[in-house]
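Trainee: Sequence first, predicted model second:
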Amino acid sequence: MRSSTSAAFLPPRAFPTQRRAYCSPRCQQAPPQPSPTTPSLLDLENVLTIGERQRLQTTLSDIQNKANIRISLLTQSERTAPGRKIQTVFPQDENSVLIVAEPSSPNLLRFRVGETVKQKLPPSFWNELANRYGNSFYVRETGADVALLQALQAVQQCATVEGRICRFVPGVSTDQLAVSVCCAAAAGALVGVVARTGGEKFNARYVALYSPLWGIFFVSFGLGPVLARVPGASWQLASVVAAFVSIVALVWIWVPIGIGPPGRDSTPDV
């Protein structure tokens, strides 16, 4: 009896209580959403001229009207960076993209891409866009304004085509074309050497046997990058094919027929 009576009159602190979650008025507010008054261009570093700003405004409006993708562009530096206020100036949602251009950075371009936009323009597209138009060598050669204009034109070219998913930036850069031509030439040299093996004029059997090796250079590293960025016939594709065929012919003519294991008639007398 004594134990039950003492247990019945335990102080309230002895019993566990459920705490109520508390949220300040700031955390109860929903994140800001884009509105018609949200600016689409804020050039804090004066990278663009008045004419270039008008061209960019037209490009951004065209992308928003045709693809329902709102793109905002901000140029900044360490001195003018808005910091956390950027979320208030440029509210983001699933259909928006924020491009931050910082001329003093090693790479000019940075992106904040909404989830819905990623379905049409995957991360591989934005990575290549930054590497092609945002690298310091390209910006130093053409200027930050030209790099921004060309980057937005590439986005417009992909985003405004209905039903198209761009995994790569349209067009082949000079560096990419040089790599593709060199890989095609390496494949052609290998085919030309292999075709002369076995003491035959053209050893088709050996060419087919080594096709996985030279095919990787010609198809995967030569034709593949060009066709992925420029579908169909183009002068870039013709350059890669011409490099392959010409090197095959030159090496085949230059290498003697006697390369490889000798035949019965060519065995030297003892």
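Mentor: That came in fine, so what should we check first?

Trainee: going forward, measure contacts between C-alpha atoms and count neighbours the same way
Mentor: Will do.

Trainee: if I pick the most centrally placed residue in the chain, what's in contact with it?
Mentor: In the chain, the C-alpha nearest the mean C-alpha coordinate belongs to residue 128, at 2.4 Å (C-alpha atoms, centre = their mean). For residue 128, the residues meeting the contact criterion (C-alpha atoms under 8 Å, 6 or more residues apart in numbering) are 168, 169.

Trainee: Looking at it now. What's its pLDDT?
Mentor: The predicted structure scores residue 128 at 94 on the pLDDT scale.

Trainee: Which helix or which strand is home to it?
Mentor: Under the assignment given by DSSP states H and E, the secondary-structure element containing residue 128 is helix 123-133.

Trainee: pLDDT of stretch 65-79, averaged?
Mentor: The average of the pLDDT scores along stretch 65-79 is 89.

Trainee: Could you list the buried residues of it?
Mentor: Of the residues in stretch 65-79, 67, 69, 70, 71, 72, 73, 74, 75, 76 count as buried by neighbour count, 16 or more other C-alpha atoms under 10 Å.

Trainee: Please tell me I have it right and the second one contacts residue 96.
Mentor: Yes. Judged on C-alpha atoms under 8 Å, residue 69 makes contact with residue 96 at a distance of 5.5 Å.

Trainee: shared neighbours, those two?
Mentor: If you check residue 69 and residue 96 against C-alpha under 8 Å, 6+ apart, the residues they both contact are residue 117.

Trainee: re earlier: the helix holding residue 128: which residues count as buried?
Mentor: Residues of helix 123-133 classed as buried by neighbour count (16+ other C-alpha under 10 Å): 123, 125, 126, 127, 129, 130, 132, 133.

Trainee: In contact with the first one, which residues?
Mentor: If I follow you right, that is residue 123. Residues touching residue 123, when contacts are defined by C-alpha under 8 Å, 6+ apart, comprise residue 167.

Trainee: tell me the pLDDT at it?
Mentor: Looking at residue 123, its pLDDT is 94.

Trainee: Alpha carbons of stretch 110-126, in CSV - could you do that?
Mentor: Written as CSV, here are the backbone C-alpha positions of stretch 110-126 (Å, rounded to 0.1, in the frame of the first residue of the first chain):
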residue,chain,number,x,y,z
ARG,A,110,28.3,28.9,-62.6
PHE,A,111,24.8,27.5,-62.7
ARG,A,112,21.8,26.8,-60.4
VAL,A,113,19.4,24.6,-62.4
GLY,A,114,15.9,23.6,-61.4
GLU,A,115,14.9,20.0,-61.3
THR,A,116,12.5,20.2,-64.2
VAL,A,117,15.1,22.0,-66.4
LYS,A,118,17.5,19.1,-65.7
GLN,A,119,15.2,16.7,-67.5
LYS,A,120,15.6,18.6,-70.7
LEU,A,121,19.2,19.9,-70.1
PRO,A,122,21.0,17.4,-68.0
PRO,A,123,24.1,18.2,-65.8
SER,A,124,26.4,17.0,-68.6
PHE,A,125,25.1,19.9,-70.8
TRP,A,126,25.9,22.5,-68.1
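
Trainee: if we can go back for a sec, got the buried residues of stretch 65-79 as TSV, with secondary structure and distance to residue 51 columns?
Mentor: Formatted as TSV, the buried residues of stretch 65-79 follow (DSSP: H, G, I helix; E, B strand; the rest coil; distance: C-alpha to C-alpha, whole Å):
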residue	secondary structure	distance to residue 51
67	helix	24
69	coil	23
70	strand	21
71	strand	19
72	strand	18
73	strand	16
74	strand	17
75	strand	16
76	coil	20
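
Trainee: Please consider this matter closed, and thank you.
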